[in-house]
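*Asks:* give the three-dimensional model of this entry:
(one chain, ligands or ions: 2)
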Amino acid sequence: ERTEAMLLAIPKVSLHNHLIGAVSARTVLDLAKKHGVTVEGGRDEASLYDHGSYEDLDEFLRVLDVAGSVMRDHDDFRRVAYETLTDGGAALGVVHREIFLSPPGHPGVPYRTIIEGVREGMREAEADTGITSRMIVGLCRNDTAASAVELVEEIIANPMDEVIGIGLDYSELIGPPARFVEAFQLAGRAGLRRTAHSESGPPAHVEVILDQLGGERIDHGYHVVDDERITRRCVEERIPFTCTPVSSDIGRYSGSGDGSHRRIAQMVDAGLLVTIDSDDPPMFGTDAVNDYRALARALGYGRAQFERFTWNAVEASWLDATDKLALT
Ligand code: HPA
Ligand code: ZN
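*Replies:* Ligands and ions are numbered 1, 2, ... in the order given. Next comes the predicted model:
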């Protein structure tokens, strides 16, 4: 109906999407077959991503590992990037995406294989649909501080225009942000942009990310509204928060209690710069339109608010000014 057409038509700018979690179940199984990998538990296309049944973050991350383990060569990365930018992107009204990569999620795969494969998929997707995109390398917070530094050194040793920054993801319970100060400072000195996940963490983690890691955006950040002073500061500094309503509600580990929707409403009402995306779309049974749909239903948001999210994401994007203008 009308709402559906509106949600599809609104141009979307996607700032919180993980490549490793954006691969369709069908493609995961295709790649498993290609590489002779047996998917544990005999999971098939219907059951691979058992939406809503991830008991905790660790179970979710184990399923993520299955997807990561079948992405191995240049063409695998080209293919998954192409698919998520076209079928999972341009076809749903996404005009620009800054996508997280997870090199530690693909054990044994050379970093260059990943970024070169993804770059080829990005170029093909732009040629076919016009969607633009960039890469953000996610440091894995389950890893040690030293291996995070090593990954940043690898990024610096293999410069590529399309790789514009770093993030910090995986298990928040294991890896508090302060562990990664050295890696983030090294990245900052090399001119890389910086963001970090803070989904279940306390408001104090937001300040650690901003002040010690040099973070410019916060991924999720739902608990910021528990602290009035930090919220006010983030409003004043126009710190972007990349929220993911469906993934955060399914993943009960977000610790958002009464659901991320309510917290997103509080964040919007507080005047924070909020953007909306889908995190790991097929794994959570969602996509770029569906996350808007969920907010339309739960919060009654309409066109004006969704357009605001897009403008926020344009502001929050790490494109340079000329490329931002080309988006509009
Ligand atoms: N949460 C945390 N880490 C991740 C995710 C996620 O949804 N996807 C890939 N790494
Ligand atoms: Zn995420």
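*Asks:* and the residue in the stretch 51-200 of the chain positioned nearest to ligand 1, how far from Gly271?
*Replies:* Going by C-beta to the nearest ligand atom, ligand 1 is nearest to Asp169 of the stretch 51-200 of the chain, at 3.5 Å. Every residue, glycine included, has its C-beta placed from N, CA and C. Applying C-beta to C-beta, to the nearest Å, the value for Asp169 to Gly271 is 27 Å.
*Asks:* quick one: contacts of whichever strand or helix holds Thr310?
*Replies:* Applying DSSP states H and E as the criterion places Thr310 in helix 303-316. Under the criterion C-beta atoms under 8 Å, 6 or more residues apart in numbering, residues 6-7, 10-15, 217, 238, 240, 242, 268, 273-276, 292, 295-296, 324, 327-328 lie in contact with helix 303-316.
*Asks:* from the residues you listed, which land in helices?
*Replies:* Among the contacts of helix 303-316, DSSP state H puts Met6, Leu7, Val268, Tyr292, Leu295, Ala296, Lys324, Leu327 in helices.
*Asks:* am I right that Val28 is in contact with Ala67?
*Replies:* Yes - contact criterion C-beta atoms under 8 Å: Val28 and Ala67 qualify, at 5.1 Å.
*Asks:* who's more crowded, the two?
*Replies:* Ala67 (30 against 26; other C-beta atoms under 10 Å).
*Asks:* wait, isn't that one in contact with Arg26?
*Replies:* No - between Ala67 and Arg26 there is no contact under C-beta under 8 Å: 11.8 Å.
*Asks:* tell me, how many residues neighbour Glu55?
*Replies:* There are 9 residues near Glu55, going by other C-beta under 10 Å.
*Asks:* quick one: residues contacting it.
*Replies:* Per C-beta under 8 Å, 6+ apart, neighbours of Glu55: none.
*Asks:* for Gly68, see how far away His51 is.
*Replies:* Using C-beta to C-beta, we find His51 at a distance of 19 Å from Gly68.
*Asks:* actually Gln305, not the one I wrote
*Replies:* 35 Å.
*Asks:* ok, these two, which is more surrounded?
*Replies:* Gly68 (22 against 16).
*Asks:* chain neighbours aside, what residue packs nearest to the more buried one?
*Replies:* Closest residue to Gly68 apart from its sequence neighbours, by C-beta to C-beta, 6 or more residues apart in numbering: Gly105 at 3.6 Å.
*Asks:* with Gly117 instead?
*Replies:* Phe77 (2.7 Å).
*Asks:* the stretch 1-150 of the chain: strands as residue ranges?
*Replies:* 12-18, 94-101, 132-140 (DSSP state E, counting those that start in this stretch).
*Asks:* redo the ones you listed as JSON lines? Include mean pLDDT and mean neighbour count.
*Replies:* Compiled in JSON lines, those are given as follows (pLDDT from 0 to 100; neighbours: other C-beta atoms under 10 Å):
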{"stretch": "strand 12-18", "mean pLDDT": "98", "mean neighbour count": "27"}
{"stretch": "strand 94-101", "mean pLDDT": "98", "mean neighbour count": "25"}
{"stretch": "strand 132-140", "mean pLDDT": "98", "mean neighbour count": "24"}
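*Asks:* out of these, nearest to Ser248?
*Replies:* strand 12-18 (10.4 Å; C-beta to C-beta).
*Asks:* Pro177: what's its closest spatial neighbour, skipping adjacent residues?
*Replies:* Val208 (4.7 Å).
*Asks:* I meant to write Asp76 there.
*Replies:* Leu31 (5.6 Å).
*Asks:* and the one you found, how far from ligand 1?
*Replies:* 17 Å (C-beta to the nearest ligand atom, to the nearest Å).
*Asks:* contact partners for that residue?
*Replies:* Val23, Val37, Val70, Met71, Arg72, Asp76, Arg79 are the contacts of Leu31 under C-beta under 8 Å, 6+ apart.
*Asks:* what about the closest residue to Ser102 other than its chain neighbours, distance to ligand 1?
*Replies:* Nearest residue to Ser102 in three dimensions, chain neighbours excluded: Ile20, at 4.5 Å (C-beta to C-beta, 6+ apart). Distance from Ile20 to ligand 1, counting by C-beta to the nearest ligand atom: 6 Å.
*Asks:* what of Gly300?
*Replies:* 26 Å.
*Asks:* count of residues packed around that residue?
*Replies:* If you count neighbours by other C-beta under 10 Å, Gly300 ends up with 9.
*Asks:* which residues touch it?
*Replies:* Contacts of Gly300 (C-beta under 8 Å, 6+ apart): none.
*Asks:* what's the distance between it and Ala146?
*Replies:* 48 Å.
*Asks:* how about Leu213?
*Replies:* Leu213 sits at a distance of 16 Å from Ala146 (criterion: C-beta to C-beta).
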